Structure formats: structure tokens, C-alpha cells
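S.K.: Got a predicted model here, sequence first, then my questions.
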Amino acid sequence: MTQPVSNCPNCGAKITFQWSSSVQTVCTYCKSILVRTDVDLKKVGQVADLPPDSSPIQLNTEGIYHNKAFVVAGRILYQYEQGGWNEWHIVMNDGASAWLSDAQDEYAISFPVPGQTLPAAPQVQVGQQYTWNKQTYTVTVITEAHYNGVEGELPFQYWDKTNVIFVDLRSPTGKFATLDYSDEQPALYLGEFVEFDDLKLKNLRQFEGWS
Amino acid sequence: MFNQLYLIYGFLVLGSVAMSQYRGWSMDTMNEVKNVPRSIRDNPGAYRSIYSSYHHYTGGK
Amino acid sequence: MSAGTPPLPNPPAKPQVKALHCPQCGASITLRSFQQAVTVVCESCHCILDAKDPTLKILQQFQAATGELLPLIPLGTRGKLRGTDYEVIGFQRRSIESDGVRYDWHEYLLFNPYKGFRYLSEYQGHWNDITVCKDLPVVRTGLVPSANYLGEIYRHFQTADATTGYVIGEFPWQVRVGERAAVTDYVRPPRLLSCEQSSGESTWSVGEYTYPQEIWKAFNLPGKPPEPIGVFENQPAPATVSVKQVWAAFLALTIFLLGLMAFNDMVASKEPVFTSAYQLNPGTPKGEASFVTDVFELKGRTSNVEIKTSANVSNSWIYLNYALISQDTGRAWDFGREVSYYSGYDSDGSWSEGSRHDTVIVPSVPPGHYYLRIEPEADARHPLISYTVAVRRDVPVFKFYGYALLALFLPVLYVTFKSISFERARWSESDHPILQSESD
């Protein structure tokens, strides 16, 4: 899927290019040299390509977290200046709503935690520490991002296309927190990083060429 | 691997030392002579030795 | 606020592809081997493709942009690392500058749709297998800063600014040439902790040193991997030797040696078998008549025989030609010993040279009846010299224990020296070199 696929203009057979900006390949059937004409050659060597949407999770994927089953009900695709990530809306079997964030295939599950003292957006800086629910977190990433698309069921309805601030925090014990400044009142989500294998996910998206 | 070889070597060294003490080895320079006749007890001057003279000349003619 | 949910972005469009055609005969170009071919010849009519052919121009421009630096693992290659299949989808060259010298290294992005991303970094033939940390390391500042990750302490190795000089393929964020990040490395061989900081972001990753042969095997690469140069920051010390273990072995062996020495001292009989006192009269010509001692008996097993000569010389010498002769077998041990002692005063105080005693060990003397033949000699103008000859058998020879200790110590010294050289080489590239050399 990161190897672009097309059809040979001569014989129609399926052809693949070795990598995202590779401009030449050979048709395995008719042996013609094939050249890609839509690669921006000014960017080759200068700027990386963004991988296409590569999350293995899809709507109705099921999994287990802390011995409770959940199902993926919705998704928000975020985009920032240099890339993007997914937030999957999951519903636990007791009805609770949570978020499975999927950034570069690093997975974290977090739950909304209301009623905490939260800093205002301009105050937050990388390296600062905050304590909520007796756990200390350090700010690691501050991103300005906007919604790039949604699907499925989500706990809120209105969308604003302007950029908002998201703050990621981590702890030495693998805990994870997010500050979401999309509304007037900032929202806090607390959770932890999870390994793909521990989620025991079923009904995943299939990728051609990968088992 | 090296450690095992070193231990084997070490015990060989210890064994050699034990052997040297038991068998009475020495590194002092000496000359072993055979068949010294009993008559030397009566005539010690007749015994010839390469060590007979202090700083004796050992070069050729 | 706008109502209505924005749809997901469209999947990427199919790539546009053209085939290379011969302008002369229109046949589509086929090639047998084409890796670096930028000039192309038509197989049907043998005309060379015009360099201005727009499709060919694409190939040439691409070659110009990418030809100088070819990744050792070509993009699109698949390999199996730690039991998971990965595909190489991105490559970048980054560099730091230290003392005016630019150091380049390369990073490969590996991708598996379920397991996510990994990085392989390569510097002068040294490879590292890197993933992003989920647990945040805790940094301790100080003279030598350190970082604690999953309970293990990593020592600070280097802090430098890294710049991207070249990038092809895909990266999960859009890497651009010129992108800078402050990189701080902490090491605990074979692992490496790296903190990358740029505005608005701080990311930690952990790397594990990987031998080039493993990489070549994992990705089925042809030929042999390039030889690593020098010692890399988290390169493990050669596995065959553990310096700590060797010192522990040395200590154990030394204890055994000391035990053996004590046992030897206890068990050796040190039996006196003959003692006698003599005088060398003054004025006797060089080489006074030789004489023989009374016969004495050596009992017990074959052992050494110690002959101690003591003489009251002062600023003179006495030389004795000894022969230990077996009355039973006629076998003899023949040797000469000197006893000399000099002393005096000079501008630095009193001094002395030599000794009034001499000890010699005769080796492996079988039991039996023996006597000594003694031939004394002294300086022509010597005074009266009194001397004693004392014979003992089965004495411990402590000199051998000294040699044994040295023999045990030399390999340890060698191994320790090699290890220190290795570590010195490792840290020579860091912010904390072990010994500052004047030549830099």
C-alpha cells in the first residue's frame, strides 16, 4: 500500500513501483520500461512523502482493554502541518466512551476526565509537568491541528475547520494524557500506551501483501 | 570462553608450582657430573670443575 | 461553526504511467538490465533515445536527484526483524557538525501495517534497531548527566544539532531537507537512548546495536555488508571476554596460590643435614687446596637441597666452588657461589652493596649418602675470612610462587588493557572523552 500500484499502459497487467516516489519500473509481463509522470520531481530528495492512511483499525474492529471488550464506533482524522493521526471512538461493553489514538501506529487508550484544573493553551510548554489523579505527566508534544474528516458515530456533532491546539503528555510508566483545546473549555483525557498485540483486535483492515 | 581457558591455564600454573616444590626443581646454574670416583675423598685436588676459578676465562684461544 | 460532518479525504489517486517508446519505430522499449541506465537504446531499430524525450527526461531528473546517495537497503525491500516483516519505505541522511567536521549517518524507516514503524540507523557500518519509547525516561543532570529508562541507567554520550540533508520515500511526518533537531544520546551498551527536540516536540527513542550480518540476513541483501569502522557509542564490548569474571578468576587462583604456599611451608621438612664452619687464612694463594666435608645422609624422597654460605666479609669477597657428590652413585652437582659485601660513606650517606649470605638450591637430589667438596678462593690481599656452610633439604622455593603470580597476572593485564582501549575508543567520539589527547 505504500508501493503505488497501477496498470501497464501497454498490456494492462498490474504493475507496482518499489516505493512512494519511485519513477520507474518494469512490467513483469511485457517487459516495457514504465515511467511515472505524476511525481513532483522537485520534491524528490528534498521532502518526504506522507504515507497514505495506514491504520489497520477500521469501523467495527473489536478489541479488549483491561478485560473489557470494546468496539470501534467512529473515527476522527486529524491533520497538522507535517502529518496526521487517527482518533478512534471506542465504546466499552459497559457503555463508556473512550478514545483509541493511533499515531504512526503507536496506540494509546484514554478516557475523558472532567473536573481537573487545566492550564490555558498559551501557558503550556514542552517539558512542563502536571499532576492529575496522583500521576505526574510531562508535556512532550504541542501540535496545532484541524479535523480532516470523520466517519461513524461520535460523541459530538459540530465541526470547526480551524486549527486547534493539542498537547500530548507522557509519564515514565507509559501513561499518556491529552489536553484538547478545541472547545472554549479545555478537555483532559487520561490513559496509557498499549501494545497492538495486547488489544487482541479482531476484524482489522486487510492490507494486500501483508498477513 | 576466555574465562574457561584462563582458569584451565591458571590451574596448570598452580600444578606446575606444586610439582616444582614436590620434585625440588631449581633454576640455579649448575653442572651435573656423573661417575665421580670414590678416590676424590682422599684426593680432593684431583677433581676438575668448570667452576674451579672465580671469573675464569671461557673464551677461545 | 459549520454543521455537517466533513467526509474522510479521498484515497490517493492512481499513479499516472507512461511507457517509454522508441521515437523512430514506435516500439516500446524493453531492457534486460536497467539499474542505472539513463541512456536507452531501442532494441528493434537500435536508435538511441533522444535525451529530450519528456519521458526519458523524467528518468534523468530523478537520477540526478537521487543518484549520489543510494541507500544500502533499497526502498521497497522487505525483511524480517524480530519475527516481524517490515518494508523499507523511507530513507534520510542526517548530519551533525563537531569541531568543523560533518558526520553523516543514515536512517531507514521500516513499516508494518499492524506493528507500526521502526527505524534502522547506520553510521560507518554500525547499525541500530530503533523504536519510539512509550515510557518516558527520567533525566538526571549533573557532571555526567544520565537517563533512567525502565530501571536502567544510561550515561550521557553526546548532544548535538542534527540536520536533514537528503530524504526520499515516506516518513510519518513530512521530513524536509534542512529540518533541524537537537539530539541527545545516552548509552548503556548495547542500547542507546536518544532524545530529539525541536520546537513543540520532544521524542525519546531506544535503539539496540545490531551487527551488520544480521541486517543483511534479515533483508536478504546481496554481497557483504560494509565493515564497521571504529567503536560506536553503544557497541557492546567483544562478547568473548568479561573483564570482571577474569579478575574474579584471578583472585580465586591467587587465593589458591597463597593456600598452596602456606601448605607447602607447613609440609616441607626443611631438614638441616649438615653445618660446619671454616676459615680462609689471609695470604693464602688463590685457590687454596680444596677439601671434602664429612659424609651426611639425605633421607626421604627426592627433593631439593639448600646450601647456605655465610661469610663475615667486609669490602671483600670469597668464592667457593662447590660439588655435592653422592658417595653411593658417583653423581655430582657442580657449581660456584660468591659471597661479597661492600659498604661505606659518601655524600649521600652510607651505602652498602652485596650480602654476607648466599643461598643456592640444588635440584631433585635423590636420597642417599653425600659429601661436599669445597674449593675456596678470595682476593690476594684478603684478611682472615670465617665462613659457615649450612645444608638443608626439602625447602620451599618462594621464587616460584612469585613467577606463578606473574604468570597468572599477565593475561588479566592484557585483557584489562584491551578492554580499556575499547572503551577509550568508544568515548573518544563523545562529549566526555576518557583521556584528553593533546594532538586534537
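M.R.: Okay, I see it.
S.K.: For the rest of this, base every contact and every neighbour count on C-alpha atoms.
M.R.: OK.
S.K.: give me the low-pLDDT residue ranges for the chain?
M.R.: No chain in the question, so chain A it is. Counting by pLDDT under 70, chain A shows low-confidence ranges at A:1-2, A:158, A:211.
S.K.: my question was about chain C
M.R.: Residue ranges of chain C with pLDDT under 70: C:1-6, C:10-12, C:23, C:30-41, C:48, C:50-52, C:283-288, C:435-440.
S.K.: quick check, the longest strand along it touching chain A?
M.R.: Determined from DSSP state E, the single longest strand within chain C is strand C:152-169. Yes. Using C-alpha under 8 Å from any C-alpha of the partner chain, strand C:152-169 reaches chain A at C:165, C:166, C:167, C:168, C:169.
S.K.: separation between the nearest residue to residue C:397 once chain neighbours are set aside and residue C:263?
M.R.: Excluding the flanking residues, the one nearest residue C:397 by C-alpha to C-alpha, 6 or more residues apart in numbering or on different chains is residue B:21, at 6.9 Å. Distance of residue B:21 to residue C:263, given as C-alpha to C-alpha, to the nearest Å: 11 Å.
S.K.: and the two? which has more neighbours close in?
M.R.: A direct count of neighbours by other C-alpha atoms under 10 Å in any protein chain shown for residue B:21 and residue C:263 places residue B:21 higher, at 25 against 11.
S.K.: Give the burial count for residue A:199, as a bare number.
M.R.: Counted with other C-alpha under 10 Å, the neighbours of residue A:199 add up to 17.
S.K.: ok, now how distant is it from residue C:140?
M.R.: Plainly put, residue A:199 is 34 Å away from residue C:140 if you go by C-alpha to C-alpha.
S.K.: so which of the residues of strand C:152-169 next to chain A comes closest to residue A:148?
M.R.: Within these, proximity to residue A:148 (C-alpha to C-alpha) peaks at residue C:169, which comes in at 23.1 Å.
S.K.: any chance you could read off phi and psi for residue C:420?
M.R.: phi -60, psi -40 (degrees, to the nearest 10).
S.K.: Then residue A:46?
M.R.: phi -110, psi -40.
S.K.: Please list all residues in contact with it.
M.R.: Residue A:46 is in contact with C:165, C:166, C:167, C:168, C:176, C:177, counting by C-alpha atoms under 8 Å, 6 or more residues apart in numbering or on different chains.
S.K.: Among those, which one has the most neighbours?
M.R.: residue C:168 (29 neighbours).
S.K.: Show me what that one bridges to in the sheet.
M.R.: Taking DSSP bridges, one finds residue C:91 as the beta-bridge partners of residue C:168.
S.K.: Wait, it touches residue A:48, no?
M.R.: Yes. Contact criterion C-alpha atoms under 8 Å: residue C:168 and residue A:48 qualify, at 5.6 Å.
S.K.: By mean pLDDT, point me to the weakest helix or strand of chain B.
M.R.: Scoring the helices and strands of chain B by mean pLDDT, DSSP states H and E places strand B:31-33 at the bottom, with a mean of 90.
S.K.: how about that strand, does it reach chain C?
M.R.: Yes. Shown here: strand B:31-33 in contact with chain C (C-alpha under 8 Å from any C-alpha) through B:31, B:32, B:33.
S.K.: and what of stretch A:75-92?
M.R.: Yes. Stretch A:75-92 reaches chain C (C-alpha under 8 Å from any C-alpha) through A:77, A:82, A:83, A:84.
S.K.: Just the element for the nearest residue to the last one once chain neighbours are set aside, please.
M.R.: When the adjacent residues along the chain are set aside, residue A:84 lies closest to residue A:78, with 5.4 Å between them (C-alpha to C-alpha, 6+ apart). Counting by DSSP states H and E, the element that carries residue A:78 is strand A:68-80.
S.K.: From the contact counts, what lies against that strand?
M.R.: strand A:62-65, strand A:83-92, strand A:135-152 (3 or more C-alpha pairs under 8 Å, 6 or more residues apart in numbering or on different chains; DSSP states H and E).
S.K.: Include mean neighbour count when you put these into TSV, please.
M.R.: Shown next, in TSV, are the helices and strands packed on strand A:68-80 (neighbours: other C-alpha atoms under 10 Å in any protein chain shown):
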stretch	mean neighbour count
strand A:62-65	18
strand A:83-92	22
strand A:135-152	19
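S.K.: now for the ones you listed, which one comes closest to residue A:32?
M.R.: Proximity to residue A:32 (C-alpha to C-alpha) singles out strand A:83-92 among those, at 35.4 Å.
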